[in-house]
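1. Structure, please.
(chains A, B, C, D, E, F, G and H)
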There are 8 protein chains.
Amino acid sequence: MTEKKHNDIIVNHDHKRGDYTGIPECILGEPKDNYQLTQAIQQALKSRESVLVTRIQGSQISAIQDLVSKHGLPLTFDKYERTAVIGRQIEKINRSTSCALISAGTSDDYLIEEIGFCLNYFDVGYVKYSDIGVAGIHRHKSALNDIHNNDPVRCIIIVAGQEGALFPVIAAQTKLPVIAVPSSVGYGFGGKGITALQSALQSCSPGVTVVNIDNGFGAAAFVKKLINLFD
Amino acid sequence: MTEKKHNDIIVNHDHKRGDYTGIPECILGEPKDNYQLTQAIQQALKSRESVLVTRIQGSQISAIQDLVSKHGLPLTFDKYERTAVIGRQIEKINRSTSCALISAGTSDDYLIEEIGFCLNYFDVGYVKYSDIGVAGIHRHKSALNDIHNNDPVRCIIIVAGQEGALFPVIAAQTKLPVIAVPSSVGYGFGGKGITALQSALQSCSPGVTVVNIDNGFGAAAFVKKLINLFD
Amino acid sequence: MTEKKHNDIIVNHDHKRGDYTGIPECILGEPKDNYQLTQAIQQALKSRESVLVTRIQGSQISAIQDLVSKHGLPLTFDKYERTAVIGRQIEKINRSTSCALISAGTSDDYLIEEIGFCLNYFDVGYVKYSDIGVAGIHRHKSALNDIHNNDPVRCIIIVAGQEGALFPVIAAQTKLPVIAVPSSVGYGFGGKGITALQSALQSCSPGVTVVNIDNGFGAAAFVKKLINLFD
Amino acid sequence: MTEKKHNDIIVNHDHKRGDYTGIPECILGEPKDNYQLTQAIQQALKSRESVLVTRIQGSQISAIQDLVSKHGLPLTFDKYERTAVIGRQIEKINRSTSCALISAGTSDDYLIEEIGFCLNYFDVGYVKYSDIGVAGIHRHKSALNDIHNNDPVRCIIIVAGQEGALFPVIAAQTKLPVIAVPSSVGYGFGGKGITALQSALQSCSPGVTVVNIDNGFGAAAFVKKLINLFD
Amino acid sequence: MTEKKHNDIIVNHDHKRGDYTGIPECILGEPKDNYQLTQAIQQALKSRESVLVTRIQGSQISAIQDLVSKHGLPLTFDKYERTAVIGRQIEKINRSTSCALISAGTSDDYLIEEIGFCLNYFDVGYVKYSDIGVAGIHRHKSALNDIHNNDPVRCIIIVAGQEGALFPVIAAQTKLPVIAVPSSVGYGFGGKGITALQSALQSCSPGVTVVNIDNGFGAAAFVKKLINLFD
Amino acid sequence: MTEKKHNDIIVNHDHKRGDYTGIPECILGEPKDNYQLTQAIQQALKSRESVLVTRIQGSQISAIQDLVSKHGLPLTFDKYERTAVIGRQIEKINRSTSCALISAGTSDDYLIEEIGFCLNYFDVGYVKYSDIGVAGIHRHKSALNDIHNNDPVRCIIIVAGQEGALFPVIAAQTKLPVIAVPSSVGYGFGGKGITALQSALQSCSPGVTVVNIDNGFGAAAFVKKLINLFD
Amino acid sequence: MTEKKHNDIIVNHDHKRGDYTGIPECILGEPKDNYQLTQAIQQALKSRESVLVTRIQGSQISAIQDLVSKHGLPLTFDKYERTAVIGRQIEKINRSTSCALISAGTSDDYLIEEIGFCLNYFDVGYVKYSDIGVAGIHRHKSALNDIHNNDPVRCIIIVAGQEGALFPVIAAQTKLPVIAVPSSVGYGFGGKGITALQSALQSCSPGVTVVNIDNGFGAAAFVKKLINLFD
Amino acid sequence: MTEKKHNDIIVNHDHKRGDYTGIPECILGEPKDNYQLTQAIQQALKSRESVLVTRIQGSQISAIQDLVSKHGLPLTFDKYERTAVIGRQIEKINRSTSCALISAGTSDDYLIEEIGFCLNYFDVGYVKYSDIGVAGIHRHKSALNDIHNNDPVRCIIIVAGQEGALFPVIAAQTKLPVIAVPSSVGYGFGGKGITALQSALQSCSPGVTVVNIDNGFGAAAFVKKLINLFD
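-> Residues are numbered from 1 along each chain as shown, chains lettered A, B, ... in the order given. Model prediction:
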């Protein structure tokens, strides 16, 4: 959708959401046009220091860059420039590893980065293990040892596309709760993440819950709520 | 499937699963014929005091009753006789309420009972709030107050069918992690739980994960893993 | 589809439709090529002062602008330039608010604008409440008070995407008839409006009817017929 | 589901719903076991004279009959014994015909009767025109004349299965709002009401809204809210 | 797919198909790259004077134009340049009207033109009635009179998208066999022709058969076989 | 649905349909209860000698037998007792073979018999070739020779389930129009006739049209209209 | 379907299929009525000593037993009485183990038995490893060692339902070709084998092909053709 | 996705996969961005001479060309530039024809070329028969004769889109195992390969297994494992 002149749009930002849920209102970039997006960011910053924007695409990147230039605001993008924080500089939290992130393949790493970025924004640390899917099944053994010997790890987020076999395979080897994040990797019948989603739902290993395909932000928010229990 | 003479079936019970995952192997009743089911129960009891059987149906109930009569074993069914523990008497754990169970309607309570029964089998306590769906939206306020003032409650399991609106509505009002369990209540297009499942996946309130339609056992297993983190 | 030379296309405009249904024939832009579209507009204007065109896209905007320049016709676009009236200047009708428009999020407002524009074309007034979805559930209380104290409001149109929980939540708190309009906001399984559509169909609060995903025009036409009952 | 001993079920009946929405809480029979159903009926009657039960099936009929015998309560079933009112004798309201009910075929009449029964329970009158589908397209002319000359008719409910062509065909010939109710009549691909539902959503004649397949109660509730506007 | 150097592609054109089926092998343009397409055309012309190409798109148009320029071959496109005959000049056959073509809306006319073009290539005449859908239901009366008084009309092809109500409505008013061609016009749930397809399959008026969505060529081929019966 | 007392049902039989379409109104048994069915039969016989009932099931058979006993009416069932004619004795028409019926397997013959029975009711003759599917591909050669040497055969109806390969295979070897009837034979993904339906729609051999899964009556009605062209 | 008198059914058994394909025509029981089934068996036995019948259900078992009693024919059922050979006594072939059969769970063993039974009928030996799914992932190690040290094993058939993770997990650890057979075990979204089918199609480990859900016979036939290559 | 600066991506290439499965890890191009892709190629080449990349698209072609230029590596693309080998020059292996490749139409040849290219990379020879689908059913006879007289041919891979009838038709005429590869050729309902996939799964000729739509690489990998049995 091209930029339109609709200057009377009023964004009804929910400034109290952080108080109610522990997670302040974040902004879903994708369906908004640039005017709506920048208005939403500015509304959010009226009551808070920073705001998280997810699923940024196309010219939204430069619209955000223009906005922060104009107002002299700090800006951090994740590695794939799909997620951003305006108003705060995000850096990797190394001191604490409350959550382990596992991906089945390199192609799934856009989600690993989104999740890690969101977790850091939520002040949650993580450790990641990339490209250890079941096609090379021996690869996840050392990761699991590492996780199980890492005391502050409270849960495992697994990102997988295609057939999503990594979800039940990991869940069968850990006492930690597992959150499955289906990626949209895979083509043909059952592609675009649908089989991975179903595999999480049908997992023969119990103790797996799932968020929607590509919903890295949602997984991070759930883990934020879970980790908060320990504060 | 009628009973057949297939005396050489060998059930390969996974006696070590409890050690690996914190949850011993449980038995899915539904797809098994009575011979397979009673064999599976007996195999499990070789290394353990008790075993949980889920999704029991039809003549499986009396097959289990015959088995326990013959061997003098304790037996407990849940309220709807869909779930059973053989080898141990299950009673409601009142002293600890680690988990809150909420249902949208009375029709969803078969799942509330399955989940509570499994949680008790896993030595996890719970408190339940039944029939407080959004059609009478004022009804969940007191439940939420109750939950938020109940310190050992670590998470909320919500059971809802039809449009599943209770998932995002509750998630918007709590800092606790929310696990959605879609029930198969609802008819017509999007019925049998499919809309409720999708509503959990599409929830505009973040911090919701989901298990499959009618998978009460899976939700209980996840919560067991979560509650174990506090031991 | 690029412009073709097919000069013998004969549009069979239904000049009597307004008499039969109270709503004159309007033109669906999207599937027409520019030649078909401008022919259809000109045919319509043979018996009427003005014509409404919906779901305009791509080069259709400038085809319409060229046509009105050439013939010196008035033209009004809605805020997102997806809907237009040729032959009449449309302005917001403030004196009468026969219908309340509610959106769940800012991303849904392209439909709020389409519906309001169509209602104004049909001489129906409206009042709008934007971005008051259930993720910040406290936000819709004042809107409902406002609506219920606004006597001429005869019905509520709700626009929501994702899980569409706003449909049953509002319907549970009003005596007014509710018309649900699913927006195509949302990604992954159940995205593009399909869950919102299903949530309206599965609504546990009765008294909700629904039009197709993104069919803002259809909702406006239904309300036009409803409001006509009061004339 | 066979009757179980679960005497501690607590139905959380929403006694205030009528005040909020104009429609008291009604009971969906189908997914409840007989114990839940009779408990729900008794709960409802604590604050009200009568209660409506929809989608009754199997042994629920005799469970209701047993209940009313035991407590000496009035009982009325609709013609197909799918809907009942306990606590009040329902009779056809002839003096007022606020709504016209049209069915495409005799096979669709189970819904016509459910809708009419619910409307009468809501004190709304109706006039019905049965079996006038488009396969004998000349049949609906006299019905439309009748409806258009019948002043208090405020809207038309159309019930159709199979291809649902009656929805756009009637909507093209009336200024009244049309509510489509897809019936589950039809077999093969697109059967069980799914094509009829889609035809209502895709209707080329604007001014049609739709409820779910077989949701006669939902259509009646919407019309109740609409007719209330005239009180 | 961009043009590749794969000079050893051997097209296995079926030169005998006309003898077996009455319809010579035609070429489906869409899935072929330009090299495959022009090879296929040249192969066909080895045993025949002319060849029909359907579903041409993008740069295929100029690839065909280059080919005919180079070899001095006659070329005719249909009105929307989606169908072409190479090797013969196609003109509208007026003397014979063996088939009536009806479209529901102007947006469906791309298929009317494809079908008419193919019929003419097969030496079958036709008469067309455009934009007479059920939203303006009075519009098809004169067309039906015209068709029924036109002796050589042996069958009716109806093109409709959206809800496809025109299929059963016309079939209910004629003794002629009806072939339904769903167009891909329509958006939202059931859009892109799927509801129109289903409506033809679910038609309450018997005597309707259907081809796939947008398969104008297939409908023309069936009619060619039907008209051949009269030779 | 059990028999109910609803004595005021008025069937609106379309006595003029035969005049408009060449095919009198027939009755779809399946969705009707026995009272509706026998009322519909009696209504039809008010203006005609006989009536065809399709998709009869369960206790409908004896309801029909009771009706004809009581009124002394002739009755003929097809071989599988799914189709019946009340009021006329149907016998196989051997003198004329206007249509060839082919089935892929013995399991498909319930449809062959329904179609042949309906054709005979419509005074159309047929010749049948059973169980000649592509798994034994050599089997259909002699059938095709037979058909092509049988002058009055005007079209071929093919019944096939599973993958429906017989549709394109036969269509590739005949100049006759082919009508595909998918049977509901086949299990697993794409079973119950859905793949056969799709194969007809996707047929690489042109000149195939299709009716819905198991719609033998619809195929017969289309052929009746086609054969009428030769009278 | 109840037994009907249709004595003129002619089964067109393909007596030459064994010569063409290496696999004689077998009979699919399920969709046939008892008369068709026993006719088909008798036709087959006209040219062969024995015939295989698959997917037997309900009263078909006794119809077969009656037939063999009457004609004094040998009969063997598989363990679940879903598959039978008439005319030959089938015994387990132990001398040769050309194929390894693996099941994920006890619930999948109805397919293991069908496949083994068919293989034995085809004179192919097998060795089976039951209930070694990924929920107890350590269980398949010894099976794989056993298979890899068993020289005549040429391929692995894996039967799994639910999420089907065993397909890619085994394929990642073997040089043998893997044929996946999805079982219909699993409930909720993606249940009844659909996720297992998709997991095989989406397998991240290459070298997996798949047959339809529950198509044990098809897998056995493929392996028969594969093993024939070594004769 | 545009190129990003994410220099710390670590590809976890499975260098041992060839030892375990007989097929070294290959790289799926499509979902990777150019940085991930070239990193993955370089990782693979650390332990091996060459690596296969499949489903290359867009700017990935030049990213690969840049990489090989920079490092002076051999590069071979298949005919449609969708598949590549880096590190080795692939040439057609003529001396050995272990596998026959058949396509239904010229449009399917992109898969024939991918499969042949992969087979050659795996040191497996093949012979191809292009464009011999059932619309010209006489065309495959000579191919089958050729294959059956060609001793080292161990199996047949068939590529077909649309209705996929070639799968059962060929399988009915050969003793060789058949692997079906559905192509994404075909439009409308059941298009993009879905009907072809289902036809393979529903094949009435037994002995057919299938890989996912467009998964030429998967078919080649399976055949590699099968051919290895003969070494």
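2. Any idea how many residues pack against the one residue in chain A that gets nearest to chain C?
-> In chain A, the residue that lies nearest chain C is A:Asp14 (3.1 Å; C-beta to the nearest C-beta). All C-beta atoms are positioned from the backbone trio N, CA, C, and that covers glycine. Close neighbours of A:Asp14, defined as other C-beta atoms under 10 Å in any protein chain shown, add up to 22.
3. can you check A:Leu45 too?
-> 17.
4. Can you give me every residue that contacts the residue nearest to A:Gly29 when sequence neighbours are not counted?
-> Among residues not flanking A:Gly29 along the chain, A:Ile56 sits closest, at 4.1 Å (C-beta to C-beta, 6 or more residues apart in numbering or on different chains). By C-beta atoms under 8 Å, 6 or more residues apart in numbering or on different chains, the contact list for A:Ile56 reads A:Gly29, A:Glu30, A:Ile64, A:Glu81, A:Arg82, A:Thr83, A:Ala84.
5. Next, the residue of chain A closest to chain C: secondary structure please.
-> coil (DSSP: H, G, I helix; E, B strand; the rest coil).
6. Find the nearest non-adjacent residue to it, please.
-> In space, A:Asp14 is closest to C:Gly136, 3.1 Å off (C-beta to C-beta, 6+ apart).
7. dump the residue contacts of the one you found.
-> For C:Gly136, the contact set (C-beta under 8 Å, 6+ apart) comprises A:Asn12, A:Asp14, A:Lys16, A:Arg17, A:Glu25, B:Ala172.
8. Report the lowest-confidence entry in the residues you listed.
-> Minimum pLDDT across these is recorded for A:Asn12, with 87.
9. quick one, what contacts it?
-> Here A:Asn12 is in contact with C:Thr106, C:Ser130, C:Asp131, C:Ile132, C:Gly136, C:Arg139 (C-beta under 8 Å, 6+ apart).
10. repeat that with 6 Å
-> C:Asp131, C:Ile132 (C-beta atoms under 6 Å, 6 or more residues apart in numbering or on different chains).
11. Roughly how far does it sit from C:Ala143?
-> 10 Å (C-beta to C-beta, to the nearest Å).
12. For the contacts of C:Gly136, work out which two are farthest apart.
-> Greatest spatial distance among those (C-beta to C-beta): A:Asn12 and B:Ala172, at 14.3 Å.
13. now that we have the contacts of A:Ile56, which one has the most neighbours?
-> Counting by other C-beta under 10 Å, top hit in the contacts of A:Ile56: A:Thr83 with 28 neighbours.
14. Read off the pLDDT value for that one.
-> So A:Thr83 comes in at 98 (pLDDT).
15. Got the phi and psi for the closest residue to A:Val51 other than its chain neighbours?
-> Leaving aside its chain neighbours, A:Val51 sits nearest to A:Ala44 (3.9 Å; criterion: C-beta to C-beta, 6+ apart). Torsion angles at A:Ala44 (phi, psi; degrees, to the nearest 10) stand at phi -60, psi -40.
16. thought A:Ala44 was touching A:Val53?
-> No - at 9.1 Å, A:Ala44 and A:Val53 do not qualify as touching, with contact defined as C-beta atoms under 6 Å.
17. give me every residue that touches A:Gln198.
-> G:Gly190, G:Thr195.
18. now do the one 4 residues further on
-> Under the criterion of C-beta under 6 Å, 6+ apart, the neighbours of A:Gln202 are G:Gln162, G:Glu163, G:Gly186, G:Gly190, G:Thr195.
19. how about the helices of chain A, start to end?
-> Counting by DSSP state H, one finds helices in chain A at the ranges A:17-21, A:34-44, A:60-71, A:109-121, A:140-148, A:166-171, A:194-201, A:216-228.
20. name the helices or strands packed onto the second one?
-> This means helix A:34-44. helix A:60-71 (3 or more C-beta pairs under 6 Å, 6 or more residues apart in numbering or on different chains; DSSP states H and E).
21. Between helix A:34-44 and the helix it packs on, find me the angle.
-> Helix A:60-71 runs at 50 degrees relative to helix A:34-44, counting by axes from the mean of the first three to the mean of the last three C-alpha atoms, to 10 degrees.
22. What are the contacting residues of helix A:60-71?
-> A:Gly29, A:Asn34, A:Leu37, A:Thr38, A:Leu75, A:Glu81, A:Ala84, A:Ile86.
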